[in-house]
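**Student:** All I have is the shape, not the residue letters:
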C-alpha cells in the first residue's frame, strides 16, 4: 500500500553398472525434419537460412509480448549428470533446463555455442530443455541442439498416464481418475510430491486420511515388471470442511489510516460506515528492518487533531466486532520494510504481533510486505520448499500465530502483482532478474490452508502477462479479470516447471484504489463491476477465457483506503457494496 561432464560414468562404475553410451536424447535436434516435430514452440518456425549445418534451423520470432520459447521434454535417469548445448545467433538468446541452470548470450551475429551441465534429482524421470529470445529483441536462430547422457525410461515400461481429474471430495478424501497408460500396465501409483499415496490396478483411486480444508497436488505413474513410467501432469484439489470465517459471502475490505492522516484526513473507528466487513489497521511497522519487532502507534494528535482516545478506539473496535466485522492489524506498507533474516527476528515478530493483537483484541493479521521485505536467494527455485531465510522465517511466524489463536484467526495478504502474478514469467531464485519476483508464492502456498483472503493489489503495477500469454494493463476490467483468474486457476512458475495451485474462490478478492488520488490504476466502478460479472457469473469477459472457471463464491473487493473513499464521498463503498450483495 502506498501512503502516497559427465560424472555419470564414474558414478555408474562406482556401483558396478555398465554405463549407457552418451547419445543425443532430443528428437529432431537439428530441425532436419523440416518442421518443429518434437518441439513445443511459441512464435517459432523452421527456416532454410541461416543454418549452421544441414538444411534447416529454428527461427524464434521474439516480440514485445513473447520470448518465442521452444522446449522439449525427455526421459532421464535420477541422480545423473547431463550436458546440453545449442548453437545460436541473435540478441539475448537463452538455453536452459526448466527448474535448473540456464545460460545466454547478449549478442551473436554468427552461430555461437551455448552449453551447460546439470544433475537430475533423486527420483527425477523427466526434464525439459528450453530455448528462447527476449522481449522486443527480434528473431533468434538455433541449430544442432544436443542433450548428451543416458536416456531415461526402462525398455518395456508403460507409457505415461493421462492427466488425472478430480471426482468426489470429502473432508478427508479426494477421488481421482485418469486415462490409461499405453503398453503393458501392471498397476498405477498416485504420488503427492515423492510420496506414494495410493497403488492399484484400476485407472482410479481415492486418497484418504487427509486433513479437512487442505489442498493437495497429485500425479500418477504406471508401472510393470520392467519399471515405472514418467509421471502424469499434476492436478490439485482441496478437501471440504473449511471453518466458517464469519465473513459474509461477498465482503468489502478496506484499510484505515490508523497511525497517520496522509492528506485524506483522519477517520475515527466509530465513524466507519457499516458497509466495511474487514477493516485493516494501517500499519504495524518494525523498529528496524531486521528486528522483527513490530509496533503499532496510533496517529498523534498533532497530525490527527480529531483522533479518539485509546479507550474510545478500543470501544469502537468492540462495537464493530459486535456487528460481525473483522478488525485486523496490517503489517508493513510502503515504509514498513520487514526482513526476518534470523530466527531471533522471527520469534520477536511473533511475540510483538501477538502483543498488538492482544492489546486491541483484534481478529487477525494482514501481511502487506512491500519493497525489499521478501526476496529469494539464488538457487531457491522450489516454491513448495523454500530455503531463503526471510521466506522460511515468515512462514514459521505465521504458522505460530495461527496455532496460537486457532481456527477463527483471520489471515489476509495484500501483495503487489510483482510478487505474485509476475512469477508466471520470472521467479527470483532462478536468477537472471530481480530476486523479488514471485517471492510471495512460497508464503501463499505454505499458508493456503489457513489463508482467509488474498487480495492482490491490482494497482501501482506495470503490465503483467496473463494465462493467455498476453500483457494486461491496469485501470480496466481486463486487468482485474486476468490477474484474478491467475490466482484461481494457478500457473506454472516461470522456468521452474513447478505449478502453483490455484486458491479456493472464497479466498480470493482483488484490490484497487478507492479514488484517483489513492494510487495509480484507479478503475471506474462500472469497469470493476464488469470484472466481477465475468469472474463470478462468466459474463462480460470481453473475449477473455477464464482458465479457472467462474467463481460465484469470489470473496469480494479490497481498497486503499476507507479514508480516501470518505474523502471522495464514499463512491467506492456506495457503488460496490450493493453490487457485491447482489452477486450469486
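**Tutor:** All right, it came through fine. On a predicted model such as this, the values are computed, not experimentally measured, just so you know.
**Student:** quick one: contacts of the helix or strand residue 253 falls within?
**Tutor:** Following DSSP states H and E, one finds residue 253 within strand 251-257. With contact meaning Cβ atoms under 8 Å, 6 or more residues apart in numbering, strand 251-257 is reached by 1, 264, 266-267, 269, 272, 275-282, 299, 330, 412, 453, 455, 509, 511, 514, 555-563, 565, 573, 576-577, 580. C-beta here means a position set from N, CA and C on the backbone, and glycine is covered the same way.
**Student:** taking those residues one by one, which sit in strands?
**Tutor:** Judged by DSSP state E, the subset of the contacts of strand 251-257 located in strands is 278-282, 330, 412, 453, 455, 509, 511, 556-560.
**Student:** Out of those residues, which comes closest to residue 190?
**Tutor:** Checking those against residue 190 by Cβ to Cβ gives residue 453 as the nearest, at 31.3 Å.
**Student:** residues touching the closest one, list them.
**Tutor:** Residue 453 makes contact with 247, 251, 253, 278, 412-413, 507-509, 555, 558, according to Cβ under 8 Å, 6+ apart.
**Student:** what do you get if the cut-off is 10 Å, keeping everything else the same?
**Tutor:** Listed by Cβ atoms under 10 Å, 6 or more residues apart in numbering, the contact partners of residue 453 are 245, 247, 251, 253, 278, 326, 366, 410-414, 503, 506-509, 555-556, 558.
**Student:** Nearest residue to it in space, ignoring adjacent ones along the chain?
**Tutor:** Spatial nearest neighbour of residue 453, chain neighbours left out: residue 412 (4.6 Å); criterion: Cβ to Cβ, 6 or more residues apart in numbering.
**Student:** Could you check how far the one you found is from residue 398?
**Tutor:** Per Cβ to Cβ, to the nearest Å, residue 412 is found 11 Å from residue 398.
**Student:** And for residue 32?
**Tutor:** 54 Å.
**Student:** So those two - more neighbours on which side?
**Tutor:** When neighbours are counted by other Cβ atoms under 10 Å, residue 398 comes out ahead of the other of residue 32 and residue 398, with 23 against 17.
**Student:** just checking, the more buried one is part of a helix?
**Tutor:** Yes - assignment of residue 398 by DSSP: H, G, I helix; E, B strand; the rest coil places it within a helix.
**Student:** Helices of this structure, start to end?
**Tutor:** Assigned by DSSP state H, the helices in the chain fall at 8-14, 310-322, 343-360, 389-405, 441-446, 477-489, 525-537, 562-567, 571-581.
**Student:** In CSV, list those helices along with distance to residue 420.
**Tutor:** Shown next, in CSV, are those (distance: least, Cβ to Cβ, whole Å):
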stretch, distance to residue 420
helix 8-14, 39
helix 310-322, 29
helix 343-360, 22
helix 389-405, 14
helix 441-446, 7
helix 477-489, 7
helix 525-537, 16
helix 562-567, 23
helix 571-581, 22
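**Student:** Which one, of the ones you listed, ends up nearest to residue 471?
**Tutor:** helix 477-489 (9.3 Å).
**Student:** same question for that closest one, mean pLDDT?
**Tutor:** Here helix 477-489 scores 97 as its mean pLDDT.
**Student:** just stretch 89-98 next, same as before
**Tutor:** On average, stretch 89-98 scores 93.
**Student:** Stretch 131-145 now?
**Tutor:** Stretch 131-145 shows a mean pLDDT of 93 in the predicted model.
**Student:** Ends of it, what's the gap?
**Tutor:** For stretch 131-145, the first-to-last residue distance is 10 Å (Cα to Cα, to the nearest Å).
**Student:** what comes up buried for that stretch?
**Tutor:** By neighbour count on 16 or more other Cβ atoms under 10 Å, the buried set for stretch 131-145 is 131-134, 137, 139-145.
**Student:** can you put those in TSV and add distance to residue 156?
**Tutor:** Formatted as TSV, those follow (distance: Cβ to Cβ, whole Å):
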residue	distance to residue 156
131	32
132	36
133	40
134	43
137	46
139	43
140	40
141	39
142	34
143	34
144	32
145	28
